[in-house]
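Novice: Sequence and computational prediction follow.
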Amino acid sequence: MAKTQAQAPAAPGELLAGCGVRATHQRVQVLEELAREANDATAYQLFERLRSRGEGIGLATVYRTLSLLSEQGVIDALTHRGGELCYRLCSAAHHHHLTCSECHRVVELDGCNLGDWVSTAAAAHGFTATEHQVEVVGVCSDCRAA
């Protein structure tokens, strides 16, 4: 099953606390702004949106906040834009992403069936797989039609 929009948390402070992250005003602001995004956004895009609404937040703070939230599993970091990470607030369940290289639309894919393949491939090379992430980059139907 696919989802095309991030699930906005009812209470960002509770989401942060549940992941062991202190809910500072600036972290909550960054998370709330990311929750408004249907697809994904770069740190700079979020910074510009926050500043345009009058939030007194620095770009370095936005980068640090996104890095922390990504490390703690609160948000996902996507790599489909060359050289720049994009961030997305996703469901907590294990999932993967389809991303459009043209318009940057993101579709969240539930129902991963890769576990056995990943374990077998890892074992064949002497690894023990502890997790996996998949981001499939392509062009969506809207962009292909344009």
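Specialist: Thanks, I have it.
Novice: Where is the longest helix in the protein?
Specialist: Scanning the chain for the longest helix, with DSSP state H as the assignment, gives helix 59-71.
Novice: Can you point out the buried residues in that one?
Specialist: 61-63, 65-66, 68-69 (16 or more other Cβ atoms under 10 Å). Bear in mind the C-beta positions are built from the backbone N, C-alpha and C, glycine included.
Novice: Can you list the low-confidence ranges for this protein?
Specialist: The chain contains residues with pLDDT under 70 at 1-10, 81.
Novice: The protein: strands as residue ranges?
Specialist: With DSSP state E as the definition, the chain shows strands at residue ranges 2-3, 76-81, 84-88, 96-100, 106-109, 135-138.
Novice: Return the third one as CSV; C-alpha atoms alone will do.
Specialist: The reference is to strand 84-88. What follows is strand 84-88, C-alpha atoms only, in CSV (Å, rounded to 0.1, in the frame of the first residue of the first chain):
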residue,chain,number,x,y,z
GLU,A,84,21.7,17.6,-0.7
LEU,A,85,19.6,15.7,1.8
CYS,A,86,15.8,16.0,1.8
TYR,A,87,13.7,15.3,4.9
ARG,A,88,10.3,13.9,5.3
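Novice: what's the angle from it to helix 59-71?
Specialist: Using axes from the mean of the first three to the mean of the last three Cα atoms, to 10 degrees, the direction of strand 84-88 lies 60 degrees away from that of helix 59-71.
Novice: Now do the buried residues in strand 84-88.
Specialist: Counting neighbours by 16+ other Cβ under 10 Å, strand 84-88 gives 85-88 as buried.
Novice: can you check the last one too?
Specialist: Applying a neighbour-count criterion of 16+ other Cβ under 10 Å, strand 135-138 contains no buried positions.
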